[in-house]
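# using only what follows, build the 3D model:
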Amino acid sequence: MKPMVEFCASNMHHGTDKLMKKLEENPDYEVIEYGCLGNCGECYLAPFGMVNGQIVSADTVEELETKIMDEIEEEQALREALDRLIDDM
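Model prediction:
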């Protein structure tokens, strides 16, 4: 299952549009842009996105990219551990 990374069109003034385009180039990610993700306070204050429904925010777009990648890696590690646990049953 591909990680889903979602962005809010109203948050693009922080520069998240460039990050979104970069992630769209990677076929390993499902990248979606919405007109609104319903996090208006977050959207106004800082760059943010969502990874599989979890809000990820940062002070800069560069930091956001790092946090998004970390979240994806963490979720993949958890999924792999769960798969191993199920296989061992």
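# helices or strands up against the helix or strand hosting residue 85?
Remark: residue 85 resides in helix 61-88, with elements defined by DSSP states H and E. Applying 3 or more C-beta pairs under 8 Å, 6 or more residues apart in numbering; DSSP states H and E, one finds that helix 61-88 contacts helix 16-24, strand 48-51, strand 54-57. Quick note: C-beta positions are derived from backbone N, CA and C, even for glycine.
# can you rerun that using 6 Å?
strand 48-51, strand 54-57 (3 or more C-beta pairs under 6 Å, 6 or more residues apart in numbering; DSSP states H and E).
# which of the ones you listed has the highest mean neighbour count?
For the helices and strands packed on helix 61-88, the stretch with the most neighbours on average is strand 48-51, a mean of 22; neighbours defined as mean count of other C-beta atoms under 10 Å.
# what is that strand packed up against?
Applying 3+ C-beta pairs under 6 Å, 6+ apart, one finds that strand 48-51 contacts strand 4-8, helix 61-88.
# which one of the ones you listed lies closest to residue 43?
Minimum separation from residue 43 across those (C-beta to C-beta) falls at strand 4-8, 5.3 Å.
# so for that closest one, mean pLDDT?
Strand 4-8 carries an average pLDDT of 96.
# ditto for stretch 34-49
Mean pLDDT, stretch 34-49: 86.
# start the count at 304, not 1, going forward
Renumbered: residue one is now 304, and that last one reads stretch 337-352.
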